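Student: what follows is a predicted structure for the sequence shown.
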Amino acid sequence: MDDLSARELGGTLLEHSADGYRERIPPYSGRVMTPPPKPGSKAERDALRHEMTAAGCGPSEIAVEMRARFRVRPREAWRHAHGWTLQSTADRLSTHPGLAVAADASLVGKWEKWPGPGGRRPTLQVLFALADIYGCGVQAILDIEDRRALPDRDLRALQHHGQERGDLVPSPVAVAFVPEPDPDPVLSAAAESATWAQWAESTNVGEIALEQLLADVRTLADDYLTGDALPLFHRTRALRDRTFALLEGHQPPRQSADLYTAAGYLCGLLAWMTSDLGNLRAADTHGRTAWLCAENAGHDALRAWVCSTRSKIAMWDGRLRDAVTHARRGALVNVRGTVGALLACQEADAWSVLGAAEEAERALSRAARARDALVGEDDIGGLFSCPQARQENYAAAVHLRIGRPQHALREAQTALHLLSTQPVRAYGTEAQIHIGQAAALLECGEPDGILPALRPVLAMPAERRMGPVIQRMRELAATMAHGPAAGAGVTTTVRRAITDWCSDSATRHLALSPGDGGA
């Protein structure tokens, strides 16, 4: 080989042959050489790509050399020619306008291995999207093994599309409908319809998977009543992410509606949990997303529960008129279950804080009528339900605020009795009932009963001390500090206990943990 047939790239001599560039090994110089990287390693692939790019080679030539030197499949060779990881390739595919699949690194790797062991056959849509992001024709990312394994209909579609064309087709319809001379247009049109029907019928989620997804949502809604908030928050967030990923794929409209329903309830759970953990602004963001999911699903029960969730968030955020508006908006939806009673209770709660006693009493009356006219069961249950003890707790809080402590005391005692008969006791509701009982005893002139009423609350572990419960404890302490029994020994003891109790909470534990609780 003469000097003109060799190129020196970055200190390495390459010689040209029919198979591409090969490194020419210089004679032994007596120096100790550093061991070369493992053949096919990332370092060796990167070195080859940099050297060939410096020599003026394009991705097509680099991909050919990658295949020849490292014995990789064509799709993997093209990825290495660009220097992309599996994940970066997946990210490009997931945002590609012509591809309705939520790709990840594992899926891209399976597409590259196919038709070998552990591979997964890419659809025509995927193949054309890959060719588009790699900047080549679809034929360049296929070899003879691919063609042997492709279905006949896909091979015909590729032939129709033409050799080495880089056109991207957004769906199998575009592949099949490329105009060309056709000896039998009637049969061809039928084949095109069949091809599209196969695509339209395909789905990335099955009926069993959807059933399991909604079962998981119900489990989370139940577990939140009795479990610690932070682990449940992370479980709910992970299930929401899985549901969002499925929605970014392809499924029939009916399955899409079910996925939007599940996503809406999950976002509603995250909204409720996030508000309990003290981040009301982030909670409202989840609430808006839950409403969007309810609208896309066309699901009235979900609409009503989202309105309830958003009313709760607005109430604790001090946006009392918004709380009333959300509650009334949800009440316009005629659905089965207990949500109607809860929405009326939440409206009464907001009116009582505003000092509107008559409006609060009218809303409580609507809640009682809704309970009497109850039809059917709640779809999800758990947090998305309003058992009578929860309703009595709202009534007690409302009557305390509008100056009717005797009513409040009776309702708190009724609520505690109802809780004692239930197999599942929501600790957040139970804590608020005990606080309401203590506040009613204080207003009724019975301060000695405050500490016994609060003992179950003071015994709660820090992981279960949520924002609304802490706020109600602080309100009780403030009332005690300015009431007629402020100087009594029992009052001082209780206030000190409340101060210590409020200093450690689930919100504090969230602040000390890694990650963003409002995500």
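Tutor: Sure, I can see it.
Student: quick one: mean pLDDT for the longest helix seen in the chain?
Tutor: Longest helix in the chain, counting residues (DSSP state H): helix 253-276. Mean pLDDT, computed over helix 253-276, is 96.
Student: okay, it in PDB with CA atoms only?
Tutor: C-alpha atoms of helix 253-276 as PDB (Å, rounded to 0.1, in the frame of the first residue of the first chain):
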ATOM      1  CA  PRO A 253     -60.900   5.100  22.500                       C
ATOM      2  CA  ARG A 254     -62.800   3.100  25.100                       C
ATOM      3  CA  GLN A 255     -59.600   1.900  26.700                       C
ATOM      4  CA  SER A 256     -58.200   5.500  26.600                       C
ATOM      5  CA  ALA A 257     -61.300   6.700  28.500                       C
ATOM      6  CA  ASP A 258     -60.600   4.000  31.200                       C
ATOM      7  CA  LEU A 259     -57.000   5.100  31.400                       C
ATOM      8  CA  TYR A 260     -58.000   8.800  31.700                       C
ATOM      9  CA  THR A 261     -60.400   7.800  34.500                       C
ATOM     10  CA  ALA A 262     -57.600   6.000  36.400                       C
ATOM     11  CA  ALA A 263     -55.200   8.900  35.800                       C
ATOM     12  CA  GLY A 264     -57.800  11.300  37.100                       C
ATOM     13  CA  TYR A 265     -58.400   9.400  40.300                       C
ATOM     14  CA  LEU A 266     -54.600   9.100  40.800                       C
ATOM     15  CA  CYS A 267     -54.100  12.800  40.300                       C
ATOM     16  CA  GLY A 268     -56.900  13.400  42.700                       C
ATOM     17  CA  LEU A 269     -55.200  11.200  45.300                       C
ATOM     18  CA  LEU A 270     -52.000  13.000  44.800                       C
ATOM     19  CA  ALA A 271     -53.800  16.400  45.200                       C
ATOM     20  CA  TRP A 272     -55.300  15.300  48.500                       C
ATOM     21  CA  MET A 273     -52.100  13.800  49.800                       C
ATOM     22  CA  THR A 274     -50.000  16.800  48.700                       C
ATOM     23  CA  SER A 275     -52.400  19.200  50.500                       C
ATOM     24  CA  ASP A 276     -52.200  17.100  53.600                       C
END
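Student: for that helix, buried residues please.
Tutor: 255-276 (16 or more other C-beta atoms under 10 Å). No exception for glycine: its C-beta is placed from N, CA and C like everyone else's.
Student: what does stretch 297-317 give?
Tutor: Within stretch 297-317, the residues that qualify as buried by neighbour count (16+ other C-beta under 10 Å) are 297, 299-316.
Student: and it, how far from the chain's centre?
Tutor: Relative to the centre of its chain, stretch 297-317 is centred 18 Å away, using C-alpha atoms, centre = their mean, to the nearest Å.
Student: likewise stretch 150-157?
Tutor: 37 Å.
Student: how about stretch 116-134?
Tutor: 27 Å.
Student: also stretch 452-460?
Tutor: 36 Å.
Student: quick one: the helices in the stretch 301-450 of the chain, in order.
Tutor: 320-331, 339-354, 357-372, 388-401, 405-420, 427-443, 450-458 (DSSP state H, counting those that start in this stretch).
Student: in terms of secondary structure, what does the helix or strand following the shortest one contact?
Tutor: Meaning helix 450-458. Toward the C-terminal end, the helix or strand that comes next after helix 450-458 (DSSP states H and E) is helix 467-482. Packed against helix 467-482 by the contact rule (3 or more C-beta pairs under 8 Å, 6 or more residues apart in numbering; DSSP states H and E) you find helix 253-276, helix 300-316, helix 427-443, helix 450-458, helix 489-502.
Student: again, only using 10 Å
Tutor: Where contact means 3 or more C-beta pairs under 10 Å, 6 or more residues apart in numbering; DSSP states H and E, helix 467-482 is packed against helix 253-276, helix 300-316, helix 388-401, helix 427-443, helix 450-458, helix 489-502, helix 506-512.
Student: having no further points to raise, I will conclude here.
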